[in-house]
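Chemist: Mind looking at a prediction? Sequence and model below.
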Amino acid sequence: MIQEKDKNQILTLFKSLEHEVKIITFTQEFECQFCKMNRELLEEVKALSEKISIEIYDFVKDADYVKKYNVDKIPATIILGDRDYGIRFFGLPVGYEFTSLIEDIIDVSKRKTFLPQNVLNNLSKVDQPVHIEVLTSPTCPYCAIAVRTAHRFAMMNENIVSDMIDLIEFPNLVVKYNVQSYPFIIINKNHFIPGAPPETDFLNEILKVIGK
């Protein structure tokens, strides 16, 4: 699924990987179209570095893992390092989101992000559970910006879990949340942000939700 020229670029990027990265993906015995494509894509990514491993679980049969990682739809992808960083992809990470996947793997391998210090200082104020959902479209460049910010927040604060959700694969959410444009960010199921705000504004919205 990955073109040869892209493989060469990723191989170069993956030379910077420092620590082991584990990719967990959830599919099902009779794979849906997107589940099969997602698994194959992740296996191709895994083949590009010895530091990357992959574990595949069945959404029905592996109920303990489904519960452990709070997976409620498939295909689902989780990027782990020395712990669960709260990084989630629901749906195929293709288009601009493929870049998000690769950059997330690099961040997790280095066990750090490059968020500014002032953002990190304010991020430490998040002292209660926060669930961020970024609803995306593969052709939306701003979606990838929002996803990367949300995933970086999750990586640097254990109270945050951040999901990328591809609305092409989960169109019911378009109706549920009356999504008019992309990206569409949801915090704790009841606070909505259209667009891709800068890191500081995004974080301020999170702090507002938790009363900080």
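Modeler: Sure, I can see it.
Chemist: alpha carbons only for contacts and neighbour counts from here, please
Modeler: OK.
Chemist: And the next helix or strand past the host helix or strand of His131?
Modeler: Using DSSP states H and E, His131 maps to strand 130-136. Downstream of strand 130-136, the next assigned helix or strand under DSSP H and E is helix 141-156.
Chemist: Now do that following helix, average pLDDT.
Modeler: Mean pLDDT, helix 141-156: 97.
Chemist: okay, the angle between it and strand 130-136?
Modeler: For helix 141-156 against strand 130-136, the angle by axes from the mean of the first three to the mean of the last three C-alpha atoms, to 10 degrees is 160 degrees.
Chemist: Buried residues, stretch 166-177. List them.
Modeler: Asp166, Leu167 (16 or more other C-alpha atoms under 10 Å).
Chemist: what sits up against it?
Modeler: Phe34, Phe90, Gly91, Leu92, Pro93, Leu135, Thr136, Ser137, Pro138, Val179, Gln180 (C-alpha atoms under 8 Å, 6 or more residues apart in numbering).
Chemist: Mark out where each domain of the protein begins and ends.
Modeler: Following automatic domain parsing, one gets these domains for the chain: 4-110, 117-209.
Chemist: Determine the set of other helices and strands touching the strand holding His131.
Modeler: Contacting strand 130-136 under the criterion 3 or more C-alpha pairs under 8 Å, 6 or more residues apart in numbering; DSSP states H and E are the following elements: helix 141-156, strand 160-166, strand 184-187.
Chemist: Alpha carbons only: can I get the last one in PDB?
Modeler: Extracted in PDB, the C-alpha atoms of strand 184-187 (Å, rounded to 0.1, in the frame of the first residue of the first chain):
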ATOM      1  CA  PHE A 184     -14.200  18.800  14.200                       C
ATOM      2  CA  ILE A 185     -12.800  18.400  17.700                       C
ATOM      3  CA  ILE A 186     -14.800  17.000  20.600                       C
ATOM      4  CA  ILE A 187     -13.600  17.100  24.200                       C
END
